[in-house]
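> Output the structure for:
(chains A and B)
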Protein chains: 2
Amino acid sequence: MVVCDSKSEGRAQGRAQRKWENNGSHHRKDVVPDLECWCISRGGCMQAHFGEEKELRQRFMAPPVSGLRELRRRRRELRSRMELLIMETQAEMCRALADLDPGASFAIDSWERKEGGGGISCVLQDGEVFEKAGVNVSVVSGLLSEEAARQMRSRGKSLKAKDGKLPFCAMGVSSVIHPKNPHVPTMHFNYRYFEIEEADGTKQWWFGGGTDLTPTYLNEEDAIHFHKTLKEACDKHDLKLYPKYKKWCDDYFYIKHRGERRGIGGIFFDDMNSPSKEEVFQFVKSCAKAVVPCYIPIVKKHCHDSFTPEEKLWQQLRRGRYVEFNLLYDRGTKFGLLTPGSRIESILMSLPLTARWEYMHNPPESSKEAEILEVLRNPKDWVH
Amino acid sequence: MVVCDSKSEGRAQGRAQRKWENNGSHHRKDVVPDLECWCISRGGCMQAHFGEEKELRQRFMAPPVSGLRELRRRRRELRSRMELLIMETQAEMCRALADLDPGASFAIDSWERKEGGGGISCVLQDGEVFEKAGVNVSVVSGLLSEEAARQMRSRGKSLKAKDGKLPFCAMGVSSVIHPKNPHVPTMHFNYRYFEIEEADGTKQWWFGGGTDLTPTYLNEEDAIHFHKTLKEACDKHDLKLYPKYKKWCDDYFYIKHRGERRGIGGIFFDDMNSPSKEEVFQFVKSCAKAVVPCYIPIVKKHCHDSFTPEEKLWQQLRRGRYVEFNLLYDRGTKFGLLTPGSRIESILMSLPLTARWEYMHNPPESSKEAEILEVLRNPKDWVH
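So this is what the prediction gives:
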């Protein structure tokens, strides 16, 4: 009945064994082999060799949830290739962040979900450059509750459940980076894959995801770089994708009661299941590969900028809006909190370390604060 | 069609005229006459005299939303008496807070709601004693949207609407006090009255409200004083009320995903419409009169206590949980944000000035932090 069964090697190994030491291997960029290559070349081998485990340690932050043996066994299935992609994206991002904040270290937690599956949470907190940076992978499966299914249905999926329950498998990589310096924007990305089995045995699948930027102050050059990098990733697949998903992003991250967006957008999509599984996967892969190049250069450029206490205060007020969006509107947060056995700390890792709410705070006209508010109220086209 | 019509004198006067100067009159406690007395003695008079306005200035924070003339005209109606009670409760609380934080001053905003009614928001921010203290009055009327009506129905009221709309009138006083010192607890109270007209002309009415305490650290003596004062207010009316509403409070302020309550409770009730309008009003009046005596002595006792940076940090983490409850679960906040034309700044005034979220913060066993968590996880009976 269950679409993805991840109760294999990964779970059998248990939490303790799956928890690797953070031995600094995530600084080594040179040893990441090609994803498909790695799968195929080791396809026939049912045992993990010493050398292979070493390679894995260098490649990922922790062993994959589904376990190496299981991933190898079903290496041509999309769920296995997606699991490797999200693991690799997690490691790429963590390495890039660690390079910029060498004094800080990632807490790496491998966790299991009683109802099926688990995840790997990597969180860097109170560093020199980053206030809080979390990069999570989760691969969960089991039966979807009616309430959680409703959350999905609202996205346009009509799903026929058997006895009110739907066997499902969901996996994704999700990240929120809150830097200390108010001139370095907050960034969020998430790429996910769902499989659901309906009452008649039909398997529904779809991808979702997005990457978006939340600056405290507007820097047009950064905004253009960010959007351009995402556009290039989209354009490789279809020229219609970037404009469509840019608009979806502006619409999704809307803080209705404030009449403003959370940030200056990026791309956002959901329910993506055409033209084909393979083509959508390749598109998602391009997006995931764009995460580091669209954001890290901006961090490098500004992380040593000087700033005033007033600028820090404005950043804290914007962090407050970030919290408002995530707790009041974000479907991912709601879906997570409603999913039985979900890991609260990983879901709420998206919240900033600190935030502020002032009564009736209104920046003066023509100020730098008013400038960003204008863009949050009336989204701009950055690449045309 | 509209049950309460507050488009009378108050609105005609316009916002500018209704905005009084905060001339320190709220420090004068000696001039508050008895509520019913004031209404009846001036009942026959249709004009505001100079002396009367002076008395009002001393009594309230700003002129009542419905206007003096209208309140006098329908002085025996419950909605008028309730409006005066919430105005008086606002002023009593503001005076008590200002006495404790003499350097700080209240921002007093009278606002109008395009769709009908308005309110008076009093907010003290970044004082010596209080980080943020807000006391709001709102008296709104108009047509309830289907979505907002659903929020009410979920509380057990089945309402038959005409063309999907329900004429309504809602008024209340609502307050959240966040002190600076981590040894002074946060306090919240809210007393409200609703009237709704159904499709067949039937008028539904009910009261709701509550007062609850959110300490950063547990002080048993304070907890007992707080609950005892509330119990005494309830016991005057019916001995069954305190135990029932104490439990309702523990159940309501439950942060489900954390498995803990927001604070150490108090009383909470909703949909209260028996034994009679008059008796419920008298009960609500007793509760409103208990707000200052249940809380202010605790502030006086601890506002000069010394504290460590670690204690301040724990306070900030608890503030984070406060934000989680208010944005994820609080029905009042959701109802407010869904009501068209509602005043966002007054609704979100309940959020603290600053809050903090740390990944995987777990206080050590037997610490003072673990002590309060235990009580938040397993509510105690404080007065038996």
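
> quick one: buried residues of the longest helix along chain A?
For chain A, the longest helix by residue count, based on DSSP state H, is helix A:277-302. For helix A:277-302, burial by neighbour count (16 or more other CB atoms under 10 Å in any protein chain shown) applies to A:277, A:280-281, A:283-288, A:290-292, A:294-296, A:298-299, A:302. Every residue, glycine included, has its C-beta placed from N, CA and C.

> continuing past it, what's the next helix or strand?
The element immediately downstream of helix A:277-302 (helix or strand, assigned by DSSP states H and E) is helix A:309-328.

> Report the distance from whatever helix or strand comes next after that next one to the chain centre.
The C-terminal neighbour of helix A:309-328 among helices and strands, as given by DSSP H and E, is helix A:331-338. Distance of helix A:331-338 from its chain centroid, counting by CA atoms, centre = their mean, to the nearest Å, is 14 Å.

> now stretch A:226-233
17 Å.

> Now do the contacts for the residue of the stretch 201-350 of chain A found nearest chain B.
Nearest to chain B in the stretch 201-350 of chain A, going by CB to the nearest CB, is residue A:327, at a distance of 3.8 Å. By CB atoms under 8 Å, 6 or more residues apart in numbering or on different chains, residue A:327 lies in contact with A:333, B:323, B:324, B:327, B:328.

> so where's chain A shaky on pLDDT?
The model of chain A has pLDDT under 70 over residues A:1-53, A:145-158.

> And the buried ones among the contacts of residue A:327, selectable in PyMOL?
Buried subset of these, written as a PyMOL selection, criterion 16+ other CB under 10 Å:
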select buried, (chain A and resi 333) or (chain B and resi 323+324+327+328)
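
> Tabulate the contacts of residue A:327 (CSV), appending distance to residue A:88.
Formatted as CSV, the contacts of residue A:327 follow (distance: CB to CB, whole Å):
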residue, distance to residue A:88
A:333, 25
B:323, 35
B:324, 33
B:327, 34
B:328, 33
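
> Determine which two of the contacts of residue A:327 are furthest apart.
A:333 and B:323 (13.2 Å; CB to CB).

> Could you work out the end-to-end span of stretch A:359-366 for me?
By CA to CA, to the nearest Å, the extent of stretch A:359-366 from end to end equals 21 Å.

> next one: stretch A:250-257
Separation of the first and last residues of stretch A:250-257 by CA to CA is 15 Å.

> And the helices in the stretch 1-150 of chain A?
Ranges of helices in the stretch 1-150 of chain A, per DSSP state H, counting those that start in this stretch, are A:9-12, A:14-18, A:35-41, A:50-59, A:68-73, A:78-100, A:146-153.

> that older thread, let me know the angle separating the longest helix of chain A from helix A:78-100.
10 degrees (axes from the mean of the first three to the mean of the last three CA atoms, to 10 degrees).

> what helices or strands is helix A:277-302 leaning on?
In terms of contacts (3 or more CB pairs under 8 Å, 6 or more residues apart in numbering or on different chains; DSSP states H and E), helix A:277-302 is packed against helix A:78-100, strand A:166-179, strand A:186-197, strand A:203-214, helix A:220-235, strand A:265-272.

> could the ones you listed go into a markdown table alongside mean neighbour count and distance to chain B?
As requested, the helices and strands packed on helix A:277-302 are exported to a markdown table (neighbours: other CB atoms under 10 Å in any protein chain shown; distance: least, CB to the nearest CB, whole Å):
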| stretch | mean neighbour count | distance to chain B |
| --- | --- | --- |
| helix A:78-100 | 22 | 14 |
| strand A:166-179 | 24 | 10 |
| strand A:186-197 | 23 | 14 |
| strand A:203-214 | 21 | 16 |
| helix A:220-235 | 20 | 25 |
| strand A:265-272 | 22 | 21 |
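
> could I get those as a markdown table with distance to residue B:238?
Output for the helices and strands packed on helix A:277-302, formatted as a markdown table (distance: least, CB to CB, whole Å):
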| stretch | distance to residue B:238 |
| --- | --- |
| helix A:78-100 | 58 |
| strand A:166-179 | 48 |
| strand A:186-197 | 52 |
| strand A:203-214 | 52 |
| helix A:220-235 | 62 |
| strand A:265-272 | 52 |
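
> The ones you listed: which one's closest to residue B:314?
Nearest of the helices and strands packed on helix A:277-302 to residue B:314, taken as CB to CB: strand A:166-179 at 20.9 Å.

> Give the bridge partners for the residue nearest to the spatial centre of chain A, please.
Geometric centre of chain A, nearest residue: residue A:174, 2.0 Å, by CA atoms, centre = their mean. Residue A:174 has these beta-bridge partners by DSSP bridges: residue A:136, residue A:190.

> quick one: contacts for it?
Contacts of residue A:174 by CB under 8 Å, 6+ apart are A:135, A:136, A:137, A:138, A:189, A:190, A:192, A:332, A:350.

> My guess is residue A:180 contacts residue A:132. True?
No. Counting by CB atoms under 8 Å, residue A:180 stays clear of residue A:132, with 9.4 Å between them.

> Which of these two has more residues huddled nearby?
Taking other CB atoms under 10 Å in any protein chain shown, residue A:180 and residue A:132 do not tie; residue A:132 has more neighbours (24 against 18).

> Run through the bridge partners of the more buried one.
Note on residue A:132: beta-bridge partners residue A:125, residue A:178, judged by DSSP bridges.

> Which residue, neighbours along the chain excluded, lies closest to residue A:175?
Leaving out its chain neighbours, the residue that sits closest to residue A:175 by CB to CB, 6 or more residues apart in numbering or on different chains is residue A:135, at 4.3 Å.

> actually residue A:328, not the one I wrote
Among residues not flanking residue A:328 along the chain, residue B:327 sits closest, at 5.2 Å (CB to CB, 6+ apart).

> So what's the residue count around the residue nearest to residue A:112 when sequence neighbours are not counted?
In this structure, residue A:112 finds its nearest non-sequential neighbour in residue A:118, 4.0 Å apart by CB to CB, 6+ apart. Using other CB under 10 Å, the number of residues around residue A:118 comes to 24.

> likewise residue A:319?
Neighbours of residue A:319 (other CB under 10 Å): 25.

> check contacts around it.
Neighbours of residue A:319 in contact, by CB under 8 Å, 6+ apart: A:178, A:186, A:352, A:354, A:355, A:356.

> which two in these are spaced the farthest apart?
The two members of these with the most space between them (CB to CB) are A:186 and A:356, at 14.5 Å.

> show me what contacts the residue of the stretch 51-200 of chain A found nearest chain B?
Ranked by CB to the nearest CB, the top residue of the stretch 51-200 of chain A for proximity to chain B is residue A:123, at 4.5 Å. Contact analysis of residue A:123 by CB under 8 Å, 6+ apart lists A:106, A:107, A:109, A:132, A:133, A:134, A:135, A:349, B:359, B:360.
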